[in-house]
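1. what's the 3D shape of this:
(one chain, ligands or ions: 1)
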Amino acid sequence: MPQSDEFTLFDLRVEVVQGDRPMVCKHAAGDYFEVRGEELMLPAGQTFPIYPLAAILPLLPAKQRHTVPTDWMTTDMEVACPDPLCGARFRITRTGTTTFRHSEVTLVPLEGA
Ligand SMILES: [Zn+2]
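-> Next up is the predicted model:
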């Protein structure tokens, strides 16, 4: 039986894909990181440049949440590297879901709880 303060977010995978030009930054096709809740996980030994990461971060909380089929946040999966000379794209994929409890992620009380 579900707990009354549960909520579910999508788990994400952000993968570097080759665009139509060479990549300038220190990322390679296939590099990736995953996001579950507020945690960002890189494979052991892999790095990820901070400038594209800064551009991707604002999209992740929206991509983690359920959106309607007509929302562009539902349909659009790739974003460009912020370096205008870099051909990298970043594919954001919803890979699964994780259920969290409100009481375990914040101290703000639920209304009516
Ligand atoms: Zn780049």
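
2. ok, stretch 23-35 near the ion or not?
-> Yes: residues of stretch 23-35 contacting the ion under Cβ under 5 Å from the ion: Cys25. Any C-beta I mention is one placed from the backbone N, CA and C, and that applies to glycine too.

3. now the least confident helix or strand in the chain by mean pLDDT, how far from the centre of its chain.
-> Least confident helix or strand, the chain: helix 102-105 with a mean of 92, by mean pLDDT, DSSP states H and E. For helix 102-105, the distance from its own C-alpha centre to the chain's C-alpha centre is 20 Å (Cα atoms, centre = their mean, to the nearest Å).

4. Over to stretch 19-29?
-> On Cα atoms, centre = their mean, the centre of stretch 19-29 falls 19 Å from the chain's centre.

5. For stretch 78-98, which outside residues touch it?
-> Contacts with stretch 78-98, where a contact means Cβ atoms under 8 Å, 6 or more residues apart in numbering, come from 8-25, 27, 34, 36-37, 51-52, 54-56, 59-60, 63, 77.

6. please redo it, this time with the cut-off set to 6 Å
-> For stretch 78-98, contacts defined as Cβ atoms under 6 Å, 6 or more residues apart in numbering pick out 8, 10-17, 19, 21-25, 27, 36, 51-52, 55-56, 63, 77.

7. Is the ion within reach of that stretch?
-> Yes: interface with the ion: stretch 78-98 contributes 81, 83, 86, 88 (Cβ under 5 Å from the ion).
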